[in-house]
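**Student:** I would like the atomic coordinates for the input below:
(chains A, B, C and D)
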Number of protein chains: 2
Amino acid sequence: MGERVEWALHCCLNLAFLGPDDAVPAARLAAFHELPTAYLTKQLQALVRAGIAASVPGPRGGFRLARSPEQITLLDVVVAIEGPEYAFRCEEIRQRGPASGSSGRTQVACTIDVAMRKAELAWRQALAAQTLAEIAATVEHRYPNMPVRARDWLVVTGS
Amino acid sequence: MGERVEWALHCCLNLAFLGPDDAVPAARLAAFHELPTAYLTKQLQALVRAGIAASVPGPRGGFRLARSPEQITLLDVVVAIEGPEYAFRCEEIRQRGPASGSSGRTQVACTIDVAMRKAELAWRQALAAQTLAEIAATVEHRYPNMPVRARDWLVVTGS
DNA sequence: ATATCCTGGATATCTACTATCCGGGATATG
DNA sequence: CATATCCCGGATAGTAGATATCCAGGATAT
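**Tutor:** Now for the predicted structure:
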């Protein structure tokens, strides 16, 4: 899994600490964790396309969450960055080779594929069961001053 | 996830259809699914190093399962090929940047990392819950003649 | 002795991830 | 209206890992 996922998750978490209408420029969001601005911007755009974040152009613009942290799961973010494809993709090698037979076995599922998909569904369900709000609450419980610190550094207080 | 995993799973399944002492040369195992012999051999060697398969050198040699299919889980095969590392690896970007603070926060777990690991554990458990024997039984139930066909083609009958 | 087969290393190719840059468009501010 | 700020999309490189091949050496059955 790409490092981009970690970037996106931390950025979403930081945005979750802010007010719903506090937009943070990509450059500031990147500087907060010393990430490359241009590349992080690509990931933020992916979050926008997925409907997780929203972008505001112009001065005092930036990125904010598109919906409340309670309605954003870890799966949402992972899928937005990595794509919806399964990590294990069945290439149907069972149908190649001398013993494949010419019968129309094509339409029946591969047993190994079914088994691997079952495991990936368990992974997806575990990701979908955890929301950004829950993560934020855990962080706030363990490090009470971190949300405050993030907000103070990220938000450009109005002139 | 690499295609190698699919290759390894199908090869292990084919070996599970055979007798415990029927060794199949890598070239024949590869030809069965039209896979590149040399590269498949690398994966078979990984299975040997993991203790899943055993290799027999010399004429009438080849590869066989090192233990019974009941004792081989899908997780065993996946870990043997892909390695034991987590797909999501926390780079601790939270500790970089201006707001990280110089306090000794290093030793406490990253909340996002914990959440992602929880999901991966669910995936691993789902893989560990399925054995090669169960997969083989399902295949045999749905395609009763496939194990026979695999054995007839793979095993070089004595002289 | 010989043919068969695995083992390990070296090498090459290709894809996806990481990263950067730039022109264009949108918007708040004065 | 002019300008500074900021997002958007495309083009472009570099790099690491996955895919793939080849060969010399070792082990073993016949």
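
**Student:** which residues in chain A form helices?
**Tutor:** Remark: helices of chain A, listed N- to C-terminal, are A:3-17, A:26-32, A:37-49, A:74-82, A:111-128, A:132-142, A:146-154; assignment by DSSP state H.

**Student:** partners of the closest residue to DNA strand D within chain A in the sheet?
**Tutor:** Scanning chain A for the residue nearest DNA strand D gives residue A:55, at 3.2 Å (criterion: CB to the nearest atom of the strand). (C-beta placed from N, C-alpha, C; glycine too.) Listed beta-bridge partners, residue A:55: residue A:63 (assigned using DSSP bridges).

**Student:** quick check: residues of chain A near DNA strand D?
**Tutor:** A:24-27, A:38, A:41, A:44-45, A:48-49, A:55-63, A:156 (CB under 7 Å from any atom of the strand).

**Student:** buried ones only from the residues you listed, please, as a PyMOL command.
**Tutor:** Selection of buried members from the residues of chain A next to DNA strand D for PyMOL, criterion 16 or more other CB atoms under 10 Å in any protein chain shown:
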select buried, chain A and resi 24+25+26+41+44+55+62+63
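
**Student:** mind listing residues that contact stretch A:39-46?
**Tutor:** Applying CB atoms under 8 Å, 6 or more residues apart in numbering or on different chains, the external contacts of stretch A:39-46 come out as A:4, A:7-8, A:11, A:26, A:29-30, A:53, A:55, A:63, A:80-81.

**Student:** for the residues you listed, which one is nearest chain B?
**Tutor:** Within those, proximity to chain B (CB to the nearest CB) peaks at residue A:7, which comes in at 6.9 Å.

**Student:** that closest one touches residue A:33, doesn't it?
**Tutor:** Yes - using CB atoms under 8 Å, residue A:7 and residue A:33 qualify as a contacting pair, with a distance of 7.4 Å.

**Student:** identify the contacts common to the two.
**Tutor:** Overlap between the contact sets of residue A:7 and residue A:33, as judged by CB under 8 Å, 6+ apart, is given by residue B:93.

**Student:** mind listing what the residue most central in space within chain A touches?
**Tutor:** In chain A, the C-alpha nearest the mean C-alpha coordinate belongs to residue A:77, at 1.8 Å (CA atoms, centre = their mean). The contact partners of residue A:77, taken as CB under 8 Å, 6+ apart, are A:5, A:8-9, A:12, A:47, A:52, A:132.

**Student:** so residue A:8 touches residue A:81, yeah?
**Tutor:** Yes - in this structure, residue A:8 sits in contact with residue A:81. The criterion is CB under 8 Å, and the distance is 4.9 Å.

**Student:** out of the two, which sits in the more crowded spot?
**Tutor:** Taking neighbours as other CB atoms under 10 Å in any protein chain shown, residue A:8 and residue A:81 compare with residue A:8 leading, 24 against 21.

**Student:** pLDDT score assigned to the more buried one?
**Tutor:** Residue A:8 carries a pLDDT score of 98 in this model.
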